[in-house]
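**Q** Here is a sequence together with a model predicted from it:
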Amino acid sequence: MNVDIAKTKSYYNSIAETSLCDCAYCRNYRLQVKGAFPKVAEYLYSFGIDIEKPLETSPFEPDENGMLEYCGCQYIAFGNCNPEYHHTVDDVEFRIATSYPSTGIEQEHFVIELFPVKLKYI
C-alpha cells in the first residue's frame with residue numbers, strides 16, 4: 001500500500017459526526033468497534049484511517065444471540081494500492097473493495113474493506 005497518511009488523516013479529521021450515517025446499525029458499529037477490535041483500529045490508524053468513520057457498513061440481521069455481523073466495512077485511503085492486497089489482523093481480513101458507494105473524491109484514492117466484524121447489537 002502506498003498511502004498518503006497526512007492526507008488520509010486530514011480527510012477523517014474533516015468528517016463531522018453529523019455527516020455520518022445515523023441508522024441503528026451504523027451507530028452500533030461506531031459505538032463499539034474501536035473497543036472490540038483495538039488491533040484493527042490501530043492498523044487502520046497507522047494509515048490515518050479512523051475506524052469510527054466508515055464509508056459504508058454492510059450488516060446482516062442480528063442473530064438469535066443478539067450478535068450483529070458486518071460482512072463488509074469500508075474506508076477511504078488516499079494514495080494507491082495493489083488490487084491483490086490482502087492482510088489479516090485478529091481474524092479480520094482486509095482487501096481492496098471492488099464495489100462501494102461513490103466517494104465523490106477526484107484525487108487518487110482507494111477503498112479498503114474489512115470483514116467479518118461481529119458486535120453485540122445494543
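**A** Good, I have the coordinates.

**Q** just checking, next helix/strand downstream of the helix or strand that Tyr12 is a member of?
**A** For Tyr12, the host element (DSSP states H and E) is helix 5-14. Of the helices and strands lying after helix 5-14 in sequence (DSSP H and E), the nearest is helix 24-36.

**Q** Next, Cys73: phi, psi?
**A** phi -130, psi 120 (degrees, to the nearest 10).

**Q** if we can go back for a sec, keeping just the C-alphas, turn the helix holding Tyr12 into CSV.
**A** Provided in CSV are the C-alpha atoms of helix 5-14 (Å, rounded to 0.1, in the frame of the first residue of the first chain):
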residue,chain,number,x,y,z
ILE,A,5,-1.1,9.3,5.6
ALA,A,6,-1.3,13.0,6.2
LYS,A,7,-4.0,13.5,3.5
THR,A,8,-6.0,10.5,4.8
LYS,A,9,-5.8,11.7,8.4
SER,A,10,-6.8,15.2,7.3
TYR,A,11,-9.8,13.7,5.5
TYR,A,12,-11.0,11.8,8.5
ASN,A,13,-10.5,14.8,10.8
SER,A,14,-12.7,16.8,8.4
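
**Q** List the buried residues of that helix.
**A** 8-9, 11-12 (16 or more other CB atoms under 10 Å). No exception for glycine: its C-beta is placed from N, CA and C like everyone else's.

**Q** Let's test this: mean pLDDT of that helix, rounded?
**A** Regarding helix 5-14, the rounded mean pLDDT is 98.

**Q** Kindly report the same for stretch 89-97.
**A** Stretch 89-97 comes out with an average pLDDT of 97.

**Q** That stretch spans what distance, first to last residue?
**A** Start-to-end span of stretch 89-97 (CA to CA, to the nearest Å) is 17 Å.

**Q** which parts of it are buried?
**A** 92, 94-97.

**Q** what's the distance between stretch 99-106 and the middle of its chain?
**A** 14 Å (CA atoms, centre = their mean, to the nearest Å).
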